[in-house]
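Trainee: Sequence and predicted model, in that order:
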Amino acid sequence: MKYLYTLFIGLSLMACSDSDFDCDTEEFTLTGKWKLVEFCMSPGDASCPVQYPDYEQIFEFGADSTFSFRGESIQCEGNYSIDGNWILLESNDEQNCINQRYYLNPIDACSLNINPPCIEACISLYERI
């Protein structure tokens with residue numbers, strides 16, 4: 001009986017654990033959840049000091065070209081389309097979500113820059129969750 005209990009606990013933990021996604025060997029795919037981990041916005045010069053958010057900001061991209069976004073005080077969803085390294089987010093809720101193009105720069109299978117068009121340097125680094 002003790003063996004069955006241990007087996008059940010082990011299987012339960014595996015079912016509840018993070019996905020088996022290996023960042024070093026998997027190919028990049030946009031599909032999934034992405035959390036903002038660091039960002040920088042140029043103060044008007046050539047620098048871009050890294051900052052760490054004290055709030056949660058999550059994108060979720062579906063394989064069916066839908067997205068949802070949850071930020072500090074914003075929640076929205078809609079559709080996305082990709083053209084080269086640009087992603088266009090289109091939402092029906094224009095009060096809470098800006099329809100805008102962002103530049104996509106995958107770093108590896110688990111890290112991605114999603115950058116709005118900026119005059120000065122800006123970077124928003126997201127990690128797969």
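Mentor: That came through fine. Model, not experiment: these values are computed from the prediction.

Trainee: Which residue is the nearest non-sequential neighbour of the most centrally placed residue in the chain?
Mentor: Centroid-nearest residue in the chain: Trp34, 2.1 Å away (criterion: C-alpha atoms, centre = their mean). Leaving out its chain neighbours, the residue that sits closest to Trp34 by C-beta to C-beta, 6 or more residues apart in numbering is Tyr126, at 3.9 Å. Where you see a C-beta, it was placed from the backbone N, CA and C, and this is true even at glycine.

Trainee: Phe59 too?
Mentor: Trp34 (4.6 Å).

Trainee: name the helices or strands packed onto the helix or strand hosting the one you found?
Mentor: According to DSSP states H and E, Trp34 maps onto strand 32-41. If you count contacts as 3 or more C-beta pairs under 8 Å, 6 or more residues apart in numbering; DSSP states H and E, strand 32-41 packs onto strand 58-61, strand 122-128.
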